[in-house]
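1. Mind folding the following:
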Amino acid sequence: MTETTDNTTPTSDPTTTPEPTARQHLGYVLGRTLPTELHPWVVADTTGPGATRRYATRCLTPLIPILAGLLLIPGPWIIRTGMVLLLFLPFVYFLLALKSIYLRHRLVSHGLDPRLLNVHQQRRLDQQQASYESRYRSAP
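-> From the prediction side, this is the model:
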């Protein structure tokens, strides 16, 4: 249980977490695991503010050259645009649909608790419940 508490503390203060080197960061983007001392950074990266934006950027960046190449195929612009949209729209749909599964896998592959992914959401739900109970369920 103490591991979980150690892993959740860095999300509250992201300035104190050590960051990976450029080589380690490139390996992380390509799917490698980082050393144990960088686990707080992994937690902040997968659960912190902007995690969805970083995830989408990492997944969409390799797709851009392919889509640009499709736009260079000769033919009417409507056909070229249609080809790009037929690839891009389902890709983005499944990218967002599978976000939590991928981020959970990222945490598990680093040996971290996958429940860390829902820490911020659970905290918000607890605040809403406490607000509701204080407003509507006050003691008589």
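2. okay, and for this protein, where does confidence drop off?
-> 1-17, 138-140 (pLDDT under 70).
3. could you pull out the helices for it?
-> Along the chain, the segments classed as helices by DSSP state H run 2-8, 22-29, 39-47, 51-60, 63-71, 77-97, 99-109, 119-136.
4. Just name the most buried of those.
-> Mean neighbours per residue, mean count of other CB atoms under 10 Å, is largest over those for helix 39-47, with a mean of 22. Heads up, the C-betas are built off the backbone N, CA and C, glycines and all.
5. what packs against it?
-> helix 2-8, helix 99-109 (3 or more CB pairs under 8 Å, 6 or more residues apart in numbering; DSSP states H and E).
6. what do you get if the cut-off is 10 Å, keeping everything else the same?
-> helix 2-8, helix 22-29, helix 51-60, helix 99-109, helix 119-136 (3 or more CB pairs under 10 Å, 6 or more residues apart in numbering; DSSP states H and E).
7. Can you tell me which of those helices is nearest to P40?
-> Closest to P40 of those is helix 2-8 (CB to CB; 6.9 Å).
8. does Y28 really touch P20, like I thought?
-> Yes - between Y28 and P20 there is a contact under CB atoms under 10 Å: 6.2 Å.
9. intersection of neighbour lists for those two?
-> Common neighbours of Y28 and P20 (criterion: CB atoms under 10 Å, 6 or more residues apart in numbering): L34, L38, W41, V42, D45.
10. picking up where we left off before, P90: which of the helices and strands packed on helix 39-47 is closest?
-> Closest among the helices and strands packed on helix 39-47, once you apply CB to CB, is helix 51-60, at 13.0 Å.
11. what's that closest one in contact with?
-> 28-30, 44-46, 48, 50, 67, 88, 91-92, 94-96, 98-100, 102-103, 106, 117, 120.
12. can you rerun that using 6 Å?
-> Applying CB atoms under 6 Å, 6 or more residues apart in numbering, the external contacts of helix 51-60 come out as V29, L95, K99.
13. Let's have those residues in JSON lines, adding distance to Q129.
-> Shown next, in JSON lines, are the contacts of helix 51-60 (distance: CB to CB, whole Å):
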{"residue": "V29", "distance to Q129": "37"}
{"residue": "L95", "distance to Q129": "32"}
{"residue": "K99", "distance to Q129": "25"}
